[in-house]
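Asker: here's a sequence, model it:
(chains A, B, C and D)
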Number of protein chains: 2
Amino acid sequence: MALPGDLINGFPALASIQDPVGLDILRHAQPLSLPAGQVVFRLGDTCAHYLLVTEGKVKVVGRALNGRELLLYRIDGCGTCVLTTSCLLGQKRYPAEGITETAVSAYALPQALFRQGLDQSPDFRNFVFNTYGQRLSSLITLVQEIAFERIDLRLARYLVEKAADRVELLLTHQDLATELGSAREVISRQLKEFERRGWLHLGRGSIQIDDLTPLREFASAHAF
Amino acid sequence: MALPGDLINGFPALASIQDPVGLDILRHAQPLSLPAGQVVFRLGDTCAHYLLVTEGKVKVVGRALNGRELLLYRIDGCGTCVLTTSCLLGQKRYPAEGITETAVSAYALPQALFRQGLDQSPDFRNFVFNTYGQRLSSLITLVQEIAFERIDLRLARYLVEKAADRVELLLTHQDLATELGSAREVISRQLKEFERRGWLHLGRGSIQIDDLTPLREFASAHAF
DNA sequence: GCGACTTGTGTGACCTTATCACTGAGAGAT
DNA sequence: ATCTCTCAGTGATAAGGTCACACAAGTCGC
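Answerer: Numbers count the residues shown, from 1 in each chain, chains lettered A, B, ... in the order given. Okay, the predicted model is just below:
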C-alpha cells in the first residue's frame, strides 16, 4: 500500500522511509480536515497524536487567565507541530493552545505509534528530528522582544513587515494585540498616535498605510 | 582509540554510537576547561562548535541594550547546549549569550564535523536529537510567565522553590532580577514589601526566609 | 424599514512595572 | 583612614496593562 500523495508531496523526506516498521506506522496516520477557527489543542491537554500539517495555517497562542493572548508561532503550509513533538518527547501537557486560522488538512499519528516509530524505525526517527529543529532560536528571540522592547517599535516593525506588498491591512486591533502579546487598548492608542502623525489611516477592521517610509524609519530606530 | 571516560560517563547514549563515521567524529571532540564567569558565546556570534558539557553550570541569558538581563535557561551538569544545536541546524547566529557560572568541563565539536555526523552517522544523529528535545515547551512557559504574570508572584514562587531546603539564600537583588527578567529596583521594592510583611529578612547579598508558609500561599495564589 | 445583538474601537482612571538619577551603606585593599 | 567596589534604597517619571465604560458599524430577524 502506498502512502497518500499529499503526505509525500508535503514531506518529501517521508519518501526516504524504507523500513517496514516505519512504513507500517505511516500507513496508520489518520487524515484530518479541520475548518478555520477550530481549536486543535488547549492549554493543559495531553498530547495524543503526532501532527503533520499538509495544508493551511495553524497558530499556537498562549493565553492568560484574563483572556490576553500571545502568538507563539505559526505553522503555515506543510510542517509538523514542534510543540506537539516536544510534548510527546517530554511527556508533558500542552503549555499553550493551537487554533486553525484557515481550513487545514493534516495527518495524525496516535502517540503509541509515534513512540513505536521512534523506538523501532530509524528512518522515522530521522524524519521526526529533522523537521523538529530550529524553532528554538526564534522563540528565544521572541522572549527577548517581549521582555525588552517597546511596544511602539514592535508594532511599527510588524506593520512594515506586513505592509511590504499591500497598502491596506485587514486586521483588527485585537489581532495585532494577540500577534504582539499586548493589550487591545494599548495597540489602539499606538495606532491612533501613528494616524496623528499621518503615517496611516484607521478604519473598522482595516489599516491603510499612507507612508511606509517614516514608519520604516521609526521601526528601525533602536532595532534589535 | 577509545572515547574519553568523562564523555561516556556524562552521555551514556554516546556509547551506543557504533558506526565508524560517528566514532571518528567523536574522537575529534576537543576537551575544554573554562573558569567560572567566562563568556562562552555572545549575542550575534556564529556557532562554530557543537557543545557537550560534562561538568559545571552554564547560563544562557538574553541582554537588552540598556544592560537588563534575562535568564533563558541553564545547563547544569551533563548536557548539550540546545541553543547551539538549534543555531547549527538553522545556520543562525546566537540570539543570546552563554556564560559559565562555575568551572566547566566540556567538549567542542567543530561545525564541519557536526554536519558530517548528521549527514553520515545515523547513530550520531540520534544522539543529537535525543538530547535536543523538551526544552521547547519550558521556553514557551517562560514566554508566558514574562508576558502575563505579575512580578511579585514570580518572585515569591522563585523564592519558595529555591528556599525549599535552605533558609538563607545567598543572592543579590541583581541576581534575582536577571533570573526573572526584571529590573533590580523592582526586585528590591518587592523584597522590601515581603520583609515588611515579616516573611523574610534582607541582608547584604543574602535573604533570610523567616516563614515559608505565607510566601508559599502568596505564590500559589493565581498560580499559572 | 426597526430593533436586538455582536463586533470593533475610543477613552479616562488607575495600577504595575521599568527607567533614571541619585544616595548611601558594607567590605576589602592600600 | 581613605579609596574603591559592589550592593541596596528611593523618589520622580514614563510606559504599558487593566478595568469599566461609551458608542459606532455591521448583521440578523422581522
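Asker: report the separation between the residue nearest to A:Cys81 when sequence neighbours are not counted and B:Leu139.
Answerer: Leaving aside its sequence neighbours, A:Cys81 sits nearest to A:Leu51 (C-beta to C-beta, 6 or more residues apart in numbering or on different chains; 4.5 Å). All C-beta spots, glycine's among them, are computed from the backbone N, C-alpha and C. Noted for A:Leu51: a distance of 19 Å to B:Leu139, by C-beta to C-beta, to the nearest Å.
Asker: out of the two, which sits in the busier spot?
Answerer: Between A:Leu51 and B:Leu139, A:Leu51 has the larger neighbour count (other C-beta atoms under 10 Å in any protein chain shown), namely 26 against 23.
Asker: which residues touch the spatially most central residue of chain A?
Answerer: Geometric centre of chain A, nearest residue: A:Arg74, 1.0 Å, by C-alpha atoms, centre = their mean. Applying C-beta atoms under 8 Å, 6 or more residues apart in numbering or on different chains, we find A:Arg74 in contact with A:Lys57, A:Val58, A:Lys59, A:Val60, A:Glu101.
Asker: now those residues: which count as buried?
Answerer: A:Lys57, A:Val58, A:Lys59, A:Val60 (16 or more other C-beta atoms under 10 Å in any protein chain shown).
Asker: could you save these as JSON lines and add columns showing secondary structure, pLDDT and distance to A:Thr213?
Answerer: Below are the buried ones among the contacts of A:Arg74 laid out as JSON lines (DSSP: H, G, I helix; E, B strand; the rest coil; pLDDT from 0 to 100; distance: C-beta to C-beta, whole Å):
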{"residue": "A:Lys57", "secondary structure": "strand", "pLDDT": "94", "distance to A:Thr213": "30"}
{"residue": "A:Val58", "secondary structure": "strand", "pLDDT": "95", "distance to A:Thr213": "34"}
{"residue": "A:Lys59", "secondary structure": "strand", "pLDDT": "95", "distance to A:Thr213": "30"}
{"residue": "A:Val60", "secondary structure": "strand", "pLDDT": "96", "distance to A:Thr213": "34"}
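Asker: specify which member of these is nearest to chain B.
Answerer: A:Val60 (8.2 Å; C-beta to the nearest C-beta).
Asker: in the sheet, who's paired with that closest one?
Answerer: Counting by DSSP bridges, A:Val60 forms beta bridges with A:Tyr73, A:Gly98.
Asker: so who does it touch?
Answerer: A:Leu71, A:Leu72, A:Tyr73, A:Arg74, A:Ile75, A:Cys81, A:Leu83, A:Ala96, A:Glu97, A:Gly98.
Asker: read off the pLDDT value for the fifth one.
Answerer: Spelled out, that is A:Ile75. With respect to pLDDT, A:Ile75 scores 93.
Asker: hang on, it packs against A:Val53?
Answerer: Yes. Using C-beta atoms under 8 Å, A:Ile75 is in contact with A:Val53, at 5.2 Å.
Asker: who touches both of the two?
Answerer: What both A:Ile75 and A:Val53 touch, as defined by C-beta under 8 Å, 6+ apart, is the set A:Cys81.
Asker: ok, and for stretch A:135-148, which residues are buried?
Answerer: Neighbour-count burial for stretch A:135-148 flags A:Arg135, A:Leu136, A:Ser137, A:Leu139, A:Ile140, A:Leu142, A:Val143, A:Gln144, A:Glu145, A:Ile146, A:Ala147, A:Phe148 (criterion: 16+ other C-beta under 10 Å).
Asker: related to what we said a few turns ago, of the contacts of A:Arg74, closest to A:Ala108?
Answerer: Sorting the contacts of A:Arg74 by distance to A:Ala108 puts A:Val58 at the head of the list, at 12.7 Å, by C-beta to C-beta.
Asker: distance of that closest one from B:Ala147?
Answerer: Distance check for A:Val58 against B:Ala147: by C-beta to C-beta, it reads 20 Å.
Asker: okay, now the unreliable bits of chain A?
Answerer: Scanning chain A for pLDDT under 70 picks out the ranges A:1-2, A:134, A:222-224.
Asker: ok, which stretches of chain A are strands?
Answerer: A:30-34, A:39-41, A:49-55, A:57-63, A:69-76, A:79-80, A:97-100, A:104-110, A:168-169, A:200-203, A:206-209 (DSSP state E).
Asker: so of these, which one's packed in deepest?
Answerer: Comparing these by mean neighbour count (mean count of other C-beta atoms under 10 Å in any protein chain shown), strand A:49-55 ranks first with a mean of 23.
Asker: could you say what helices and strands that strand packs with?
Answerer: Judged by 3 or more C-beta pairs under 8 Å, 6 or more residues apart in numbering or on different chains; DSSP states H and E, strand A:49-55 is in contact with helix A:5-10, strand A:79-80, helix A:82-90, strand A:104-110, helix A:111-120.
Asker: one more time with 7 Å
Answerer: With contacts defined as 3 or more C-beta pairs under 7 Å, 6 or more residues apart in numbering or on different chains; DSSP states H and E, the packing partners of strand A:49-55 are helix A:5-10, strand A:79-80, helix A:82-90, strand A:104-110.
Asker: nearest to chain B, of those?
Answerer: Per C-beta to the nearest C-beta, nearest to chain B of these: helix A:82-90, 3.8 Å.
Asker: what's the angle from that closest one to strand A:69-76?
Answerer: In terms of direction (axes from the mean of the first three to the mean of the last three C-alpha atoms, to 10 degrees), helix A:82-90 departs from strand A:69-76 by 90 degrees.
Asker: dump the C-alpha coordinates for helix A:82-90 into CSV.
Answerer: These are the backbone C-alpha positions of helix A:82-90, laid out as CSV (Å, rounded to 0.1, in the frame of the first residue of the first chain):
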residue,chain,number,x,y,z
VAL,A,82,7.1,21.3,17.1
LEU,A,83,5.2,21.9,20.3
THR,A,84,3.4,18.6,19.9
THR,A,85,6.7,16.9,19.2
SER,A,86,8.3,18.5,22.2
CYS,A,87,5.3,17.5,24.4
LEU,A,88,5.3,13.9,23.1
LEU,A,89,9.0,13.6,23.7
GLY,A,90,8.9,15.1,27.2
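Asker: against DNA strand C, how distant is A:Gly22?
Answerer: The gap separating A:Gly22 from DNA strand C is 44 Å, by C-beta to the nearest atom of the strand, to the nearest Å.
Asker: count of neighbours near that residue?
Answerer: For A:Gly22, using other C-beta under 10 Å, the count is 22.
Asker: wait, what's in contact with the residue nearest to it when sequence neighbours are not counted?
Answerer: Of all residues beyond its chain neighbours, the one nearest A:Gly22 is A:Ser121 (3.5 Å), with distances taken as C-beta to C-beta, 6+ apart. Contacts for A:Ser121 (C-beta atoms under 7 Å, 6 or more residues apart in numbering or on different chains) come out as A:Asp19, A:Val21, A:Gly22, A:Ile25.
Asker: out of those residues, which comes closest to DNA strand C?
Answerer: For those, the residue nearest DNA strand C by C-beta to the nearest atom of the strand is A:Ile25; the value is 41.2 Å.
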